[in-house]
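[1] Pasting a predicted model and its sequence here:
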Amino acid sequence: MAANFPKYAWMNGKTIPWDDAKVHVQTPAFRYGAMVFEGLRGYWNPDEKELYLFRMEDHFQRLQESVKVMRMELDYSVEQFMRPFVELVKANDFHEDIHARYMVYVDGVGPIGSLGPVGISIVCLNKGRGYDLEKGISCSVSSWIRIKDNVIPPRVKCAANYQNGRLAVMQAKHDGYDTALLFTEEGKLTETPTTCVFMVRRGQVTTPRITDGILESVTRSSLITLFERDLGFPVVERGIDRTELYVAEEVFMCGSGAEVVPIVNIDGYRVGTGSRGPLTQKIQEAYFKTARGYKKEYNHWLTPVYKK
């Protein structure tokens, strides 16, 4: 077992050794991608010696919606989803930033249309930054078209959906970019394979609409609130054309795993000055202060793990 893996995972009602977290190759989850999930973050506050789980209730409300749309035979409350997650974090005794994957999947050996039995698994890792949050990344506009609601709904966080993004990111990396930007058939920006996107153009903060083929991102929602309440910048949700990104002052992506990452090059075009922009830096700072519990007005977004 790799040294950075934790001692325990959680599966179907039990905290178990990490190496025992397995499913059979005949499950519909493995064969057909019949699995929905949430990616969640926990942030360590060194001054308070506390680990805060960020917007956990919102994540599990979205998980409920994914389970419903995929017709899985599971009727869990938000509290039922939350309780084992907190227990697993405590069992692993994390005292650093973490990232968790909470998965609900069709178990057993049934056919493609199976609705159950339903299994649940949770894994947590002491995960740091996946990208350089100051230097930023490069993106290409993908030739792959983003899936849409009447094909396979992007608002459902289903494992099978991510094959669309996987094709895009593999092509982007082959062509020398860090990741890709996906567009609709009508030529409007959606998101990257794993994150939502914001643009700053002529001083206006803009992001695609939730009906433009994107995940209804918890991080995106958080940043819109922070922009408007803390930074005084109203956020416009509208269709965004490809060439707008080329002439924007700033572009950045966001997600639970990625956090807030500057996009400094698109298709070889330098974005703004080619480095992290001032609004991107400000929203990064606001986000991390909020997630670590330093902005007390947002404590309703946080679940402390170790406080009695």
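    Thanks, I have the structure now.
[2] so when I look at L245, I'm seeing a strand, right?
    No. The assignment for L245, made by DSSP: H, G, I helix; E, B strand; the rest coil, is helix rather than a strand.
[3] who does the nearest residue to it once chain neighbours are set aside bridge with?
    Closest residue in space to L245, ignoring its immediate chain neighbours: I266 at 5.2 Å, by Cβ to Cβ, 6 or more residues apart in numbering. Just so you know, the C-beta spots here come from the backbone N, C-alpha and C atoms, and that holds for glycine as well. With DSSP bridges as the criterion, I266 is bridged to C139, Y269.
[4] What does the pLDDT read for I266?
    Model confidence at I266, expressed as pLDDT, equals 98.
[5] Next, count neighbours for D19.
    By the criterion of other Cβ atoms under 10 Å, D19 has 9 neighbours.
[6] Ok, K173 next?
    Burial of K173, expressed as a neighbour count using other Cβ under 10 Å, amounts to 13.
[7] got the contact list for it?
    By Cβ atoms under 8 Å, 6 or more residues apart in numbering, the contact set of K173 is T179.
[8] dump the residue contacts of the spatially closest residue to V69 that is not a sequence neighbour.
    Nearest non-adjacent residue to V69, counting by Cβ to Cβ, 6+ apart: V156, 4.9 Å away. Listed by Cβ under 8 Å, 6+ apart, the contact partners of V156 are 36, 65-66, 69-70.
[9] which one of the residues you listed is nearest T184?
    Out of those, the one with the shortest distance to T184 is V69. That distance is 20.2 Å, counting by Cβ to Cβ.
[10] Tell me if I'm right that that closest one and P154 touch.
    No. When contacts are counted by Cβ atoms under 8 Å, V69 is not listed as touching P154 (11.3 Å).
[11] Looking at the two, which one has more neighbours?
    Set side by side, V69 and P154 give different neighbour counts by other Cβ under 10 Å, the larger being at P154 (24 against 13).
[12] What residues sit buried inside the longest strand belonging to the chain?
    Using DSSP state E, we find that the single longest strand of the chain is strand 35-45. Residues of strand 35-45 classed as buried under the neighbour-count rule (16 or more other Cβ atoms under 10 Å) are 35-44.
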